[in-house]
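Undergrad: Predicted coordinates and the sequence they were generated for:
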Amino acid sequence: MKSRALRDMTQGSVPRHMLAFALPLLSGNFLQQFYNMVDSWAVGNFVGDGALAAVGAGASVMYLFVSLFSGVGVGATVCIAQAFGAGRREQVSTVVDTVYRAILISALPVMLLAFLGAEKLVEWMQVEMEIAPGACTYIRILGLGLVATVGYNINDGILRGLGNSRASLLCLAVATVVNVALDLLLVTLIPFGVAGVAIATVIAQLVSWICGVIYIRRTYPFLSIRPFKGEFDRTLLKKVLGIGLPAGLQMATVSLGGMAVMRKVNTFGRSYAAGYTVGLKIDNLVFLPIQALSSAATALVGQNVGAGNWERVRSAARWVVGCCLGWCALGILCIYPFRAELVGVFTPSMATIECGALFVGWVLPAYSLLSVIFSLNSVIRGAGQSLVPMLVAVIGQIFVRVPVVYLLADKFGPRYMYGGFAIGWAVGATLAVCYYASGHWKKKALAQAKNDPAV
């Protein structure tokens, strides 16, 4: 009897598999967003807008460091899904041991870089002098705990490749309880401020990582997670990196774009910086289902490419785009009219509320464009092609969005600068649609399948 923890998505209803896979991911994303929002609520209401802006600046920097490792997790998901779809469990075990060893070794210098480079990064982002020390503290503490974040992301990638999205949810639920409890202790009861929020986040992520390792070792006998004792396969690592590094570079460039936008936002004062931080968290309520559905599509497509079921791949593409666009419409209807009230939950400052509502009002209606980019890129990436999705993201998020934000801010003022998001996403969506429609990604996947026994 096949374990329920192993989800074979090469047969049965495509939308049922996609939703069953996405719902636990979505629940986990909401839990993660919930404790991030508790972080912002705690510092915004008990410390002040300066601390809120510091956490926002620090978080954007840390996302840059985490991005490359998250991309490796995506590469692991695809390789594991394809090997599992082809019925090769031994290869799945080798991928896990190989990726774990490579990640743990490479995380150490990045942790050191985050710790030592915090001041320079904060200075580049033009954070106010009064806010800068808090942002540096946040970056340094999270930098020291980076290995826990990386470990959780790798576990998540392994489980997704096996079609199991529920286990990560359970680990994250435990971590959420820990994080919220520590926020209440280290910010509201013991006034550690920004440092308290950072410590709570690191401990929560460490709990998630440990829970994930225990679950994987107990649930999957063929996966013992032995990074320094198991088999290390350079060929498989090259394949994982070939898929994962472009995905990681995509996330990193998106993060750099976000940092560049925040750099401009910071020049307009604390209220804009704090409002931007809160606005991002509110907009994420719409983005999280898009992310979950796209991740489900990547795993589903990966397994069906491994099994050679191309009709199911096309069906997955239609369903993920349709579901994401439908969710965007619902999110706009539910959140847009109440954007000022939602921002007000995080801060009593009327100036910050106005700035946060301004951001949400500009960006939220454009999320349908972002959903097209994410959903089609997830299908293409699931087929083992990551370079074009990376280029689509870089062009839209860096080469278009950032210059347009600066141009609009300089020419028309800060109230119009967020229009650059919609313009950048429109360009990215156009490129993603054109590449998917060309079918070139499928031809490359078929050619790879002939030469690569792992596909």
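TA: Ah, there it is.
Undergrad: Test my guess that L236 contacts T94.
TA: Yes. With contacts defined as CB atoms under 8 Å, L236 counts as touching T94 at a distance of 5.9 Å. Placement of C-beta: from N, CA and C, glycine included.
Undergrad: Now do the shared contacts for these two.
TA: Common neighbours of L236 and T94 are not found (criterion: CB atoms under 8 Å, 6 or more residues apart in numbering).
Undergrad: M18 - nearest residue in space that isn't next to it in sequence?
TA: Nearest non-adjacent residue to M18, counting by CB to CB, 6 or more residues apart in numbering: A296, 4.8 Å away.
Undergrad: what about the one you found, how many neighbours?
TA: By the criterion of other CB atoms under 10 Å, A296 has 30 neighbours.
Undergrad: got the contact list for it?
TA: H17, M18, L19, F21, A22, L25, S165, V320.
Undergrad: which of those tops the neighbour count?
TA: V320 (30 neighbours).
Undergrad: which regions of the stretch 301-450 of the chain lie under the pLDDT threshold?
TA: Flagging of the stretch 301-450 of the chain using pLDDT under 70 yields the residue ranges 445, 447-450.
Undergrad: Which parts of it are helices?
TA: Taking DSSP state H, counting those that start in this stretch as the criterion, the stretch 301-450 of the chain carries its helices at 310-335, 339-344, 350-363, 367-382, 387-394, 402-412, 419-438, 440-451.
Undergrad: per-residue pLDDT, the residue nearest to M18?
TA: pLDDT for A296: 86.
Undergrad: any idea how far A175 is from it?
TA: 22 Å (CB to CB, to the nearest Å).
Undergrad: And for Y152?
TA: Separation of Y152 from A175 (CB to CB) stands at 8 Å.
Undergrad: tell me, what's touching these two both at once?
TA: Q205, S208.
Undergrad: how far off helix 367-382 does the strand or helix carrying G71 point, in degrees?
TA: Assigned by DSSP states H and E, G71 belongs to helix 49-85. With axes from the mean of the first three to the mean of the last three CA atoms, to 10 degrees applied, the angle from helix 49-85 to helix 367-382 works out at 40 degrees.
Undergrad: State the next helix or strand along the chain beyond helix 49-85.
TA: Heading C-terminal from helix 49-85 (DSSP H and E), you reach helix 89-116.
Undergrad: by contact count, what packs against that next one?
TA: helix 49-85, helix 132-144, helix 146-161, helix 234-266 (3 or more CB pairs under 8 Å, 6 or more residues apart in numbering; DSSP states H and E).
Undergrad: could you give the angle of it to helix 132-144?
TA: Going by the same axes, to 10 degrees, helix 89-116 is angled at 150 degrees with respect to helix 132-144.
Undergrad: what's the offset of helix 89-116 from the middle of its chain?
TA: 18 Å (CA atoms, centre = their mean, to the nearest Å).
Undergrad: in it, what counts as buried?
TA: Neighbour-count burial for helix 89-116 flags 91-103, 107, 110-111, 114-115 (criterion: 16 or more other CB atoms under 10 Å).
Undergrad: Now for the nearest residue in space to L108 that is not next to it in sequence: which residues touch it?
TA: Leaving aside its chain neighbours, L108 sits nearest to V147 (7.7 Å; criterion: CB to CB, 6+ apart). Neighbouring residues of V147 by CB under 8 Å, 6+ apart: L104, A107, L108, M111.
Undergrad: Equivalent analysis for G193, please.
TA: By CB under 8 Å, 6+ apart, G193 lies in contact with V43, V47, A51, G134, V187.
Undergrad: same deal with V14?
TA: L300, R312, S315, A316, W319.
Undergrad: and the gap between it and V278?
TA: Taken as CB to CB, the span from V14 to V278 is 37 Å.
Undergrad: Could you do A167 as well?
TA: 31 Å.
Undergrad: Name the residue in those two with the higher neighbour count.
TA: V278 (30 against 23).
Undergrad: hang on, isn't the more buried one packed against L52?
TA: Yes. Under the criterion of CB under 8 Å, V278 is in contact with L52, at a separation of 7.1 Å.
Undergrad: who touches both of these two?
TA: Common contact partners of V278 and L52 (CB under 8 Å, 6+ apart): S40, G44, F346, T347, T352.
Undergrad: Looking at those residues, which are in strands?
TA: Among the shared contacts of V278 and L52, DSSP state E puts none in strands.
Undergrad: Filter the residues you listed down to the buried ones, PyMOL style.
TA: In PyMOL syntax, the buried subset of the shared contacts of V278 and L52 is picked out as below (16+ other CB under 10 Å):
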select buried, resi 40+44+346+347+352
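Undergrad: Now render the shared contacts of V278 and L52 as TSV, adding distance to I282.
TA: Below are the shared contacts of V278 and L52 laid out as TSV (distance: CB to CB, whole Å):
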residue	distance to I282
S40	10
G44	13
F346	9
T347	12
T352	13
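Undergrad: Pick the one among the shared contacts of V278 and L52 closest to L370.
TA: Of all those, S40 has the smallest distance to L370: 21.7 Å, by CB to CB.
Undergrad: and that closest one, what does it touch?
TA: Contacts of S40 by CB under 8 Å, 6+ apart are L52, V55, G56, T277, V278, K281, F346.
Undergrad: Quick one: residues contacting the last one.
TA: The one in question is F346. By CB under 8 Å, 6+ apart, the contact set of F346 is M37, S40, W41, G44, N45, L52, V278, K281, G356.
Undergrad: Could you report the neighbour count for the last one?
TA: Residue crowding around G356 was assessed by other CB under 10 Å; the count is 29.
Undergrad: I figured it hits V343, correct?
TA: Yes. Look at G356 against V343 with CB under 8 Å: they come within range, at 3.6 Å.
Undergrad: residues shared between the contacts of these two?
TA: Contacts common to G356 and V343, judged by CB under 8 Å, 6+ apart, are G275, V278, G279, I282.
Undergrad: so which helix or strand takes in the second one?
TA: Remark: V278 resides in helix 270-307, with elements defined by DSSP H and E.
Undergrad: Report the distance from that helix to the chain centre.
TA: In terms of CA atoms, centre = their mean, the gap separating the centre of helix 270-307 from the centre of its chain is 6 Å.
Undergrad: Appreciated, that's everything.
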